[in-house]
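> Provided below for reference: sequence and predicted model.
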Amino acid sequence: MFSNYSDYTRDSEKNQAEFDYDIKLILQRFASNIIFSNGLQDPYSSGGVLKNISSTVVAIYTTKGSHTLDILGAKESDPDWLVEQRKTEIKIMKKWLATYYADLRASRN
């Protein structure tokens, strides 16, 4: 156990140097049913996932969007591209749910 912050920091830096990681590989092996939604107007989007990792870890982005815009409540004034992005996200989630329920039914037979 670490007795102070300096020990923790030193050991964390040492471990980082010894055990580099690849986020794409981690997501391929251990993740599923994630939508990475990015609006390229968001300054943090360049650090986001902008390409699909697998069939169930997908990236959706728009050049006009910004941080969390797609998860805010829908309004009449929402632009068409935002409405379409939300529809795409819902379509993906419905597919995941359909797969789950099909697997569940199959497991009971």
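Cool, got the structure.

> can we go C-alpha only for contacts and neighbour counts from here?
OK.

> how close does the nearest residue to residue 51 once chain neighbours are set aside sit to residue 105?
Excluding the flanking residues, the one nearest residue 51 by C-alpha to C-alpha, 6 or more residues apart in numbering is residue 59, at 5.2 Å. Relative to residue 105, residue 59 is positioned 29 Å away (C-alpha to C-alpha, to the nearest Å).

> quick one, what contacts residue 67?
Residue 67 is in contact with 38, 39, 41, 42, counting by C-alpha atoms under 8 Å, 6 or more residues apart in numbering.

> residue 45 and residue 39 touch, don't they?
Yes - the pair residue 45 / residue 39 is scored as a contact, 6.6 Å apart, by C-alpha atoms under 8 Å.

> relative to residue 79, which of the contacts of residue 67 is nearest.
Set against residue 79, the nearest of these by C-alpha to C-alpha is residue 39 (13.6 Å).

> ok so, going back, higher neighbour count, residue 59 and residue 105?
Ranked by neighbour count (other C-alpha atoms under 10 Å), residue 59 and residue 105 place residue 59 first, with 18 against 10.

> who does the helix or strand harbouring the more buried one pair up with?
Using DSSP states H and E, residue 59 sits within strand 57-62. Note on strand 57-62: by DSSP bridges, its sheet partners are strand 34-39 (parallel).

> quick one: mean pLDDT over the strand it pairs with.
Mean pLDDT, strand 34-39: 92.

> and the helix or strand following the strand holding residue 59, how far out from the chain middle?
As assigned by DSSP H and E, the chain's next helix or strand after strand 57-62 is helix 80-108. Distance of helix 80-108 from the chain centroid (C-alpha atoms, centre = their mean, to the nearest Å) equals 15 Å.

> can you give me the buried ones in helix 80-108?
82, 85, 86, 89, 92, 93 (16 or more other C-alpha atoms under 10 Å).

> also stretch 27-41?
Judged by neighbour count using 16+ other C-alpha under 10 Å, the buried positions of stretch 27-41 are 34, 35, 36, 37, 38, 39, 40.
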